[in-house]
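[1] the following block contains a protein sequence and its predicted model.
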Protein chains: 2
Amino acid sequence: MNQAAKQPTTLEYAILGLLALEPRSGYDLLNVFRTTAIGNYSSSPGAIYPALGRLEKRGLITGTVDHMQTLRPKKIFQPTSMGDETLRRWLASEIAKDDVKRHLDELLLRFAFHSLLDAAASRAFLRGLAVKVDEYVAELRAQRKIFPKEAPPHGRMAFELGLQHYVSCARWARKALRHFEEQS
Amino acid sequence: MNQAAKQPTTLEYAILGLLALEPRSGYDLLNVFRTTAIGNYSSSPGAIYPALGRLEKRGLITGTVDHMQTLRPKKIFQPTSMGDETLRRWLASEIAKDDVKRHLDELLLRFAFHSLLDAAASRAFLRGLAVKVDEYVAELRAQRKIFPKEAPPHGRMAFELGLQHYVSCARWARKALRHFEEQS
DNA sequence: TCGCACATGTAACGTGTTACATGATTCA
DNA sequence: TGAATCATGTAACACGTTACATGTGCGA
């Protein structure tokens, strides 16, 4: 009801996105997190069930009990219209500089749910991502010189892998962008 | 004093490692985190000063006040012998499967401080890392088929970047391993 | 004298982690 | 009958985030 509602956490957004793709129970979600790559974002019942409770309390999802199953009744959740709107706003929101530095995985999660938006939104997202990642790559390259030549190489080697990670992310974003431009 | 002391957090290990490379004050650490790539692991005074306090209380670091400066006195911290040992144990410890899945960045941090150990330890670490990452890559490749062909490509595209990240990590580990094998 | 860099903290808050608890249903 | 799977939770705990508080010394 209030305008300036609290921002959901990454886990809550992940749940919201999964429920937008397909209504599910808490246990279903648990299995998705346990068996697929999205499990990088979470984990155990101790996180998921409370998160579902919060989302429901804030009116972003609703649960309906399904008695029709032979097994114990499940509570199937799906986003409300407000939840859907919150999710879409998140998916399309500006990419902050800090997100690239410290929450690149969350940006990837955002893109993963972009099938809920149109191709124009995906293009905007990928363009923004490429630019911001490039900026950060430039910063990192400037930092290279802080590693003295004669010092042990370990720090620098770890740094190089980190840098490479961002470089391939930028390349990925541009390649993905081409994909969405071709089918315009 | 007690044997089964609590495991430090990633941030605490990062601080311990930085102090092992060179004694520093809290403010110095703050600047390192703010200006270099290690800042991915932290952040603000609100995390660093309490972490320093915990490390000191557990006897892993000691601080000595430096009055000799013209400015306000700084408290310079350095690892105790116990802290040094704790750090080395962490650096050389077995790589758990879950670490690769969800804490790859922490593994990179560990390697970055491997200059405190010998080349044999680095080789063991890199060999273990390559094996574990390969295992996880195999798992991920098996997951590829859950993406239906006709469905929107976004999820799969994000997945591919994640997979690529692990692939290049394995490649990096082997390349680094060769480096440490050549100079044996 | 105004503001910035230096330097060190504290308090509230929410959330993830870990571990535990519960009970129904299916299958061996 | 017992074990494994289905299904949903709760409680303690510590940690990171955010925001705030405090005070010195230096240069414009």
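    Yes, it's here. Residues are numbered from 1 along each chain as shown, chains lettered A, B, ... in the order given.
[2] going forward, measure contacts and count neighbours with C-alpha atoms only.
    Fine.
[3] for chain A, longest helix please?
    Taking DSSP state H as the criterion, chain A has its longest helix at helix A:154-182.
[4] can you dump the C-alpha coordinates of stretch A:18-32 into CSV?
    Taking Å, rounded to 0.1, in the frame of the first residue of the first chain, the C-alpha atoms of stretch A:18-32 are listed here in CSV:
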residue,chain,number,x,y,z
LEU,A,18,10.8,-18.2,-10.4
LEU,A,19,7.2,-17.8,-9.3
ALA,A,20,6.5,-15.5,-12.2
LEU,A,21,7.8,-18.1,-14.6
GLU,A,22,5.6,-20.7,-13.0
PRO,A,23,3.6,-20.9,-9.7
ARG,A,24,5.3,-23.2,-7.2
SER,A,25,5.2,-24.4,-3.6
GLY,A,26,8.0,-23.7,-1.1
TYR,A,27,9.2,-27.2,-1.5
ASP,A,28,9.3,-26.9,-5.3
LEU,A,29,11.5,-23.8,-4.9
LEU,A,30,13.7,-25.7,-2.5
ASN,A,31,14.3,-28.3,-5.1
VAL,A,32,15.0,-25.8,-7.8
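[5] quick check, that stretch touching DNA strand D?
    Yes - contact between stretch A:18-32 and DNA strand D is present through A:25-28 (criterion: C-alpha under 7 Å from any atom of the strand).
[6] okay if I get those as CSV plus neighbour count and secondary structure?
    Below are the residues of stretch A:18-32 next to DNA strand D laid out as CSV (neighbours: other C-alpha atoms under 10 Å in any protein chain shown; DSSP: H, G, I helix; E, B strand; the rest coil):
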residue, neighbour count, secondary structure
A:25, 19, strand
A:26, 19, helix
A:27, 15, helix
A:28, 13, helix
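[7] tell me the buried residues in the longest helix of chain A?
    Using 16 or more other C-alpha atoms under 10 Å in any protein chain shown as the test for burial, helix A:154-182 gives A:154-159, A:161-170, A:172-174, A:176-177.
[8] helices and strands around it, which ones?
    Packed against helix A:154-182 by the contact rule (3 or more C-alpha pairs under 8 Å, 6 or more residues apart in numbering or on different chains; DSSP states H and E) you find helix A:119-143, helix B:104-112, helix B:154-182.
[9] ok, 10 Å please
    Judged by 3 or more C-alpha pairs under 10 Å, 6 or more residues apart in numbering or on different chains; DSSP states H and E, the packing partners of helix A:154-182 are helix A:104-112, helix A:119-143, helix B:104-112, helix B:154-182.
[10] for the ones you listed, which one sits closest to residue B:17?
    helix B:104-112 (8.7 Å; C-alpha to C-alpha).
[11] residue A:137 is in contact with residue A:159, correct?
    No - Residue A:159 sits out of contact with residue A:137 when judged by C-alpha atoms under 10 Å, with a separation of 11.6 Å.
[12] list residues touching both of these two?
    A:143, A:165 (C-alpha atoms under 10 Å, 6 or more residues apart in numbering or on different chains).
[13] list the residues that contact the most centrally placed residue in chain A.
    Centrality entry for chain A: nearest residue to the mean C-alpha point is residue A:109, 2.3 Å, by C-alpha atoms, centre = their mean. Residues near residue A:109 by C-alpha under 10 Å, 6+ apart: A:10, A:13-14, A:17, A:38, A:41, A:91, A:103, B:154-155, B:158-159.
[14] can I get those residues in a markdown table including distance to residue B:125 and pLDDT?
    Below are those laid out as a markdown table (distance: C-alpha to C-alpha, whole Å; pLDDT from 0 to 100):
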| residue | distance to residue B:125 | pLDDT |
| --- | --- | --- |
| A:10 | 31 | 97 |
| A:13 | 35 | 98 |
| A:14 | 33 | 97 |
| A:17 | 37 | 98 |
| A:38 | 27 | 95 |
| A:41 | 26 | 90 |
| A:91 | 38 | 98 |
| A:103 | 27 | 95 |
| B:154 | 35 | 97 |
| B:155 | 33 | 97 |
| B:158 | 29 | 97 |
| B:159 | 27 | 97 |
